[in-house]
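Asker: Just need the structure, nothing else, for what follows:
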Amino acid sequence: MVDAMRFGCFMVFSAVISALAVQAQRPTADCQAQPQSQFIGDRSSCTFTRLVDRDPRRIPSEIPTVSCRCPDSLCSLLGDFRCREVTETFPVKYKRGRQP
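Answerer: Coordinates of the predicted model:
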């Protein structure tokens, strides 16, 4: 009986801590979607910034990327939906020799 009671107290404590953690990670102003913005990264439920990775020695020399503004934050108040970055790797080629 003592073990069951201890387990029950742990579960309640754990649930309270989890609820507090979720409250702390609610979207901030920078993370909340801005439906009137002209930029898609601002309108997205998980806001992001577009970047271009440039390397003149590489083919392709420019690779468009996006960066999540608020990784692991809640992106909806309707459930535990969290922003996650999705990455992809692909082959590139590097130039040899002198550059003109």
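Asker: Please give me every residue in contact with the closest residue to Asp53 other than its chain neighbours.
Answerer: Ranked by Cβ to Cβ, 6 or more residues apart in numbering and with sequence neighbours excluded, the top spatial neighbour of Asp53 is Ile63, at 4.5 Å. C-beta: built from backbone N, CA, C; applies to glycine. Neighbour list for Ile63: Val52, Asp53, Val92 [criterion: Cβ atoms under 8 Å, 6 or more residues apart in numbering].
Asker: Could you rerun that using 10 Å?
Answerer: When contacts are counted by Cβ atoms under 10 Å, 6 or more residues apart in numbering, Ile63 touches Leu51, Val52, Asp53, Arg54, Asp55, Phe90, Val92.
Asker: And for the third one, the neighbour number?
Answerer: Look at Asp53: counted by other Cβ atoms under 10 Å, it has 11 neighbours.
Asker: roughly how far apart are it and Leu74?
Answerer: Going from Asp53 to Leu74 by Cβ to Cβ, to the nearest Å gives 28 Å.
Asker: re earlier: would you list the strands that the helix or strand that the residue nearest to Asp53 is a member of pairs with, along with their directions?
Answerer: Using DSSP states H and E, Ile63 sits within strand 62-68. Partner strands and pairing direction for strand 62-68 (DSSP bridges) are strand 48-54 (antiparallel).
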